[in-house]
Structures are given as structure tokens and as C-alpha cells.
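S.K.: sequence below, structure please.
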Amino acid sequence: MGCNDLSGRLPVVKLDVGQACWAPARRAHSGVRAVVVALALLLVVSAKARGDCVWDSGPFDQVTAQYSISGAYGDQQTADDVYIQPRQVCRIDRITATLIGDSVIPKARLRIYDDCNGSPGALLLTLDTTQLADTGQVYAGFRVFTARFDPVNLWLEGGDSGRVYWLSVMGVQALATDQWYWASAGAGVIKGVPGKYIATGAGVPNWVSVADLGCGCTDFQLKIDGSCCAVLWDGGIPDPAAGGASSIITGASGGSFDTRAADDLATPTCQDLTVCFLRAVMYSNCTPMRGQFEIYANDCQLPAGAPIFSAPFSQSRDLGYSVSIGGTSLRAYQVELYDPGWVLPAGKTFWVSAVGQGGGSLQQRAYFAYSTSCSPCTVRLNSGAALGPAISGSAWTSLAVSPGVPHDFSFMIAVRQISGQDVAQPTCRADRNGDGVLNSLDIFEYLGEWFSGCP
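M.R.: Numbers count the residues shown, from 1 in each chain. Next up, the predicted model:
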């Protein structure tokens with residue numbers, strides 16, 4: 001199947017798979033105006049200010065483009081894969097992609113999917129934008145646009161072994177004659193797997209590789225800016241069969257019926273850390289699901305005193321299933337907190353509590369979910385602990401003591417290093433103190449780091 005030149009613009013209706021992409025004959029490209037150059041420089045500077053590059057498939061390679069449009073005849077989507085590294089959580093601030101089209105009212109649509117067997121799976125997000133900047137370039141008679149999406153509170157997790165997501169970028173038709181294409185990138189050098197294409201209303205009901213289409217194996221121009229954090233502690237997935245421990249601010253009787261549940265973690269000895277992401281699983285019959293995260297200092301094997309940090313949930317996500325605890329049906333939620341800015345000093349134990357917020361009814365329930373690590377070891381560090389209600393006691397108690405079965409809780413915390421505390425390696429690794437001289441002082445420096453656990 002050959003590629004189509006744009007001189008015979010593709011119809012929106014019933015495409016043959018071989019027509020889904022094109023590689024136009026080489027034409028003289030229009031010059032880029034000075035204002036476009038200035039805009040490009042501005043985008044580079046602003047990208048630096050926004051944060052790090054999370055993914056970059058490279059610039060438009062001027063090779064081809066793939067039909068990718070949402071219109072009156074249904075969606076004809078192109079998607080490309082991105083990869084988040086293991087044990088990372090990335091806040092996505094901006095997504096840009098190069099689209100080629102002729103619409104007089106430019107608009108674009110972003111869809112993000114989970115991966116399933118190397119193709120787009122469950123839909124995670126849909127986001128529209130009218131922020132399409134005309135680059136001033138013309139490619140095969142069509143204008144070249146940079147589409148920009150600014151998602152709010154979008155975090156992508158890498159999990160234990162890394163995780164693939166799929167992003168689909170489409171132009172949205174304003175008129176039935178509008179045409180939109182997603183520009184290729186990489187000149188045939190593939191990051192991950194080649195892009196995918198689907199057009200249910202045009203005879204392509206399942207995702208197919210663009211490598212099987214007329215224009216061959218390619219990625220698509222896509223850049224993701226944001227900020228990534230490292231997972232400090234992951235308590236494991238929830239264990240619905242085991243349930244959880246009561247953790248709720250009831251709003252009744254002046255707090256006499258309030259409860260807390262908490263689990264511990266340890267920070268490394270060489271670096272203070274800033275919390276950037278925190279999530280936990282809770283079971284509750286409260287609607288809406290509200291509450292807060294709390295951090296406690298450590299008192300030997302239990303939480304100490306009042307919380308040293310506290311902040312309300314940034315978001316609650318219904319996980320789509322229910323559990324029963326004590327005869328009460330409870331919905332499962334993932335509660336999340338974004339960028340609280342809490343600093344955890346190096347070399348200490350802390351306790352994390354996820355607490356639901358009731359509305360005053362004694363029939364409301366919220367539980368911090370027990371976790372399972374799928375291993376014969378029940379807990380790491382200390383067993384989780386519970387507090388209250390105040391009418392029956394005001395001291396934290398290990399779950400290993402009461403009810404007598406130790407448990408950890410299902411939560412994860414991700415962190416950034418404190419700016420300016422990174423210790424740069426010397427140009428010569430043997431020059432441990434960085435004075436430019438190799439002598440016994442370097443040996444003592446190394447031994448000091450060794451015994452502190454920091455080399």
C-alpha cells in the first residue's frame with residue numbers, strides 16, 4: 001500500500017487503511033518568519049521554567065504524517081507510546097504535539113490511555129485545547145501547528161518495573177472539509193514501539209501498527225514537560241479481604257469518636273527529602289470522599305504526639321469496587337495529595353495517616369486499607385498502629401497488640417531531593433574531599449562516609 005500525496009486530500013469518510021497516512025512529494029517549504037523564531041526561543045525558555053523533560057520524541061522530521069482527526073464521521077485516531085521509568089511518579093505540566101491541517105478554527109483533542117498488550121487500553125483522560133500556535137511553516141500546502149495542552153493534577157506513575165502510556169493527539173473538525181494529520185518524528189528511529197491507528201467508523205475497528213500502513217514505521221512528534229519524583233516508600237497494593245483500620249474525623253461529639261490509623265516509613269540517612277506525591281487507598285461510605293493526610297514523628301515503635309504535617313486530599317478517585325467491613329458496604333477510593341512541600345529530614349522514621357472526613361453522622365465510616373505485599377512477610381519496619389476513639393483511649397496502639405494481627409497499610413509516597421544538597425562527585429573519584437590533592441585525607445574522608453552509610 002502506497003502513501004498518498006496531499007495533492008489529493010484525503011476524504012473524512014471510509015478510508016482504506018493504505019490511505020491513512022501520506023508522504024508528500026518534496027516541495028519548497030515557506031520560510032519561517034522572524035516572529036516564529038522569537039516564539040520558538042520563548043518556548044524553549046518557558047519550558048526550562050516549567051520543569052524537566054519527561055518525554056521527547058524529537059522534532060517533526062519532515063518525513064510524513066498520519067491522519068488523526070475527530071469529526072462528524074467519527075474519530076480516526078493515531079496514538080504513540082511514552083514510558084515512565086520504574087519507581088517514578090511524574091507530574092505532567094504541559095504536552096505539545098505538531099499537527100498539520102487546514103482548519104480556519106484550529107482545535108485539538110488529547111486522549112491518554114493505559115497500555116494493554118502493546119496497544120492503547122483503558123482511557124485515562126480526554127482534554128481539548130484551542131491553543132494551537134501557527135508556526136508559520138507550510139508543509140505540502142498545509143499549515144504546521146504546535147498544539148499545547150496544560151493538564152491539571154495529572155500524575156503518571158512508573159510502578160515497580162516501568163509503565164507505558166499511550167497518547168493520541170487529533171485535530172478537531174470545525175468544518176466537514178477540514179483535514180488534520182499528526183506529524184512524524186525520529187526519521188524511522190523508534191522509541192518503544194511504532195505508533196498505532198484506529199478508525200472504527202472507517203473500517204479499522206481495532207488498533208493497528210502504523211508500520212502496516214502505507215507510510216511505514218514511525219513515531220510522532222510529541223513532547224511532555226513536567227517534574228518527576230522518586231518513590232521513597234510503597235506499602236503495597238490493598239488487600240480487600242483483610243479490610244482496614246478505622247480512620248475518620250467524625251465531626252460528632254467534639255471529636256470523641258474520631259479515629260486514626262497510621263503506618264511507618266524510613267528516610268535515607270544522607271539526604272533531606274521534599275514530599276511531592278502521596279496516595280493511599282481508603283474504604284468509606286462518605287460521599288463525597290474527603291479527608292486529609294497527616295505525618296507524625298516517631299516514638300520508638302509508634303507515632304508520637306500531634307501531627308507535624310497535615311493537608312487535605314487533593315483528589316479522591318473511585319476505584320470501581322466495594323468491600324464490606326462489619327456488615328457495612330464501603331466504596332474503595334484512592335486518595336491523593338500533590339506537592340505539599342513537606343520536608344522529611346534524613347535518617348528518621350515517620351508515620352503516615354490517611355484520615356476520612358465525616359459529616360457528623362455516627363453511621364459514617366472510613367478505613368485506611370490494609371495492604372498485601374504478596375510475600376510471606378506480613379509487615380515491613382513496625383506494624384501499623386491505631387488511635388481512638390477518644391472515648392475508649394487516647395494512646396496509639398500497635399495492630400500487633402490490638403486486635404493482635406499485624407498489618408501494613410496501602411500507601412505510597414514520592415519525594416524530591418532538597419535543591420542544593422546534592423553532593424557532586426569530584427572530577428577524580430579518588431579525590432574525595434575535592435582539594436585537588438591525593439593523600440591520606442581522602443582516605444579518612446572516604447572512611448567517614450563509609451561508616452555513615454553515605455559513600
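S.K.: what's the average pLDDT for stretch 184-200?
M.R.: Averaging pLDDT along stretch 184-200 gives 94.
S.K.: give me the buried stretch members for it, please.
M.R.: Going by neighbour count (16 or more other CB atoms under 10 Å), the buried part of stretch 184-200 is 184-186, 191-199. Where you see a C-beta, it was placed from the backbone N, CA and C, and this is true even at glycine.
S.K.: same check on stretch 384-391?
M.R.: 384-389.
S.K.: give me the neighbour count for the closest residue to residue 380 other than its chain neighbours.
M.R.: Nearest non-adjacent residue to residue 380, counting by CB to CB, 6 or more residues apart in numbering: residue 408, 6.3 Å away. Applying other CB atoms under 10 Å, we find 23 residues neighbouring residue 408.
S.K.: what do you get for residue 320?
M.R.: 7.
S.K.: tell me which residues touch it, please.
M.R.: Residues near residue 320 by CB atoms under 8 Å, 6 or more residues apart in numbering: residue 332.
S.K.: what about 10 Å?
M.R.: Residue 320 makes contacts with 331-332, as judged by CB atoms under 10 Å, 6 or more residues apart in numbering.
S.K.: ok, now residue 383?
M.R.: Listed by CB under 10 Å, 6+ apart, the contact set of residue 383 reads 263-264, 301-302, 398-401, 405-409.
S.K.: out of those, list just those in strands.
M.R.: Per DSSP state E, strands hold the following members of the contacts of residue 383: 263-264, 302, 398.
S.K.: which residue is the nearest non-sequential neighbour of residue 93?
M.R.: Closest residue to residue 93 apart from its sequence neighbours, by CB to CB, 6+ apart: residue 226 at 4.6 Å.
S.K.: likewise for residue 339?
M.R.: Sequence neighbours aside, residue 276 is the residue nearest to residue 339 in space, at 5.4 Å (criterion: CB to CB, 6+ apart).
S.K.: please pull out the lowest mean pLDDT helix or strand from the chain.
M.R.: Taking mean pLDDT, DSSP states H and E as the measure, the helix or strand of the chain with the lowest value is helix 34-50, at a mean of 32.
S.K.: got any ranges where the stretch 151-300 of the chain has weak pLDDT?
M.R.: Applying pLDDT under 70 to the stretch 151-300 of the chain picks out residues 252-255.
S.K.: typed the wrong thing, it's the stretch 301-450 of the chain
M.R.: For the stretch 301-450 of the chain, the stretches flagged by pLDDT under 70 are 373-376, 390-393, 418-450.
S.K.: switch the cut-off to 50
M.R.: For the stretch 301-450 of the chain, the stretches flagged by pLDDT under 50 are 391, 420-427, 429.
S.K.: list the contacts of residue 405.
M.R.: Contacts of residue 405 (CB under 10 Å, 6+ apart): 242, 370, 378, 383, 399.
S.K.: same question but for residue 372, I mixed them up
M.R.: 235-242, 378, 407-408, 410.
S.K.: could you rerun that using 6 Å?
M.R.: Listed by CB atoms under 6 Å, 6 or more residues apart in numbering, the contact partners of residue 372 are 236, 239.
S.K.: cool, residue 397 as well?
M.R.: Here residue 397 is in contact with residue 386 (CB under 6 Å, 6+ apart).
S.K.: buried set for the helix or strand where residue 226 lies?
M.R.: For residue 226, the host element (DSSP states H and E) is strand 222-234. For strand 222-234, burial by neighbour count (16+ other CB under 10 Å) applies to 222-229, 231-234.
S.K.: out of these, which one sits closest to residue 85?
M.R.: Nearest to residue 85 among these is residue 228, at 7.6 Å by CB to CB.
S.K.: quick one: the closest one and residue 135, what's the gap?
M.R.: Residue 228 sits 28 Å away from residue 135, taking CB to CB, to the nearest Å as the criterion.
S.K.: same question, residue 63
M.R.: Per CB to CB, residue 63 is found 17 Å from residue 135.
S.K.: same check on residue 209?
M.R.: Taking CB to CB, one finds residue 209 at 28 Å from residue 135.
S.K.: between these two, tell me which one has more neighbours.
M.R.: residue 135 (18 against 14).
S.K.: tell me the bridge partners for residue 318.
M.R.: Beta-bridge partners for residue 318, by DSSP bridges, are residue 333.
S.K.: backbone dihedrals for residue 211, please?
M.R.: In terms of degrees, to the nearest 10, the main-chain angles of residue 211 are phi -60, psi -20.
S.K.: neighbours of it, how many?
M.R.: 14.
S.K.: for the one 5 residues further on, same thing?
M.R.: When neighbours are counted by other CB under 10 Å, residue 216 registers 16.
S.K.: quick check: which element contains the residue nearest to the spatial centre of the chain?
M.R.: Nearest residue to the geometric centre of the chain (CA atoms, centre = their mean): residue 156, 1.3 Å. Secondary structure from DSSP H and E places residue 156 in strand 154-157.
S.K.: which strands border the helix or strand that that strand is followed by, and is each parallel or antiparallel?
M.R.: Counting by DSSP H and E, the next helix or strand C-terminal to strand 154-157 is strand 163-172. Here strand 163-172 is paired, per DSSP bridges, with strand 69-71 (parallel), strand 74-84 (antiparallel), strand 108-116 (antiparallel).
S.K.: can you list the buried residues in the first one?
M.R.: Within strand 69-71, the residues that count as buried by 16+ other CB under 10 Å are 69-71.
S.K.: returning to what we had before: after the strand holding residue 226 comes which helix or strand?
M.R.: Counting by DSSP H and E, the next helix or strand C-terminal to strand 222-234 is strand 237-238.
S.K.: which single one of the buried residues of strand 222-234 is nearest to residue 89?
M.R.: Nearest to residue 89, judged by CB to CB, of the buried residues of strand 222-234 is residue 229 at 5.0 Å.
S.K.: roughly how far does the closest one sit from residue 276?
M.R.: 4 Å.
S.K.: which residues do the two both contact?
M.R.: By CB under 6 Å, 6+ apart, the residues touching both residue 229 and residue 276 are 414, 416.
S.K.: show me the contacts for residue 307.
M.R.: Neighbouring residues of residue 307 by CB under 6 Å, 6+ apart: 294, 296.
S.K.: quick one, helices of this protein?
M.R.: 34-50, 440-452 (DSSP state H).
S.K.: including distance to residue 205, could the contacts of residue 383 go into JSON lines?
M.R.: Output for the contacts of residue 383, formatted as JSON lines (distance: CB to CB, whole Å):
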{"residue": "263", "distance to residue 205": "46"}
{"residue": "264", "distance to residue 205": "50"}
{"residue": "301", "distance to residue 205": "58"}
{"residue": "302", "distance to residue 205": "57"}
{"residue": "398", "distance to residue 205": "55"}
{"residue": "399", "distance to residue 205": "51"}
{"residue": "400", "distance to residue 205": "54"}
{"residue": "401", "distance to residue 205": "58"}
{"residue": "405", "distance to residue 205": "50"}
{"residue": "406", "distance to residue 205": "51"}
{"residue": "407", "distance to residue 205": "46"}
{"residue": "408", "distance to residue 205": "44"}
{"residue": "409", "distance to residue 205": "43"}
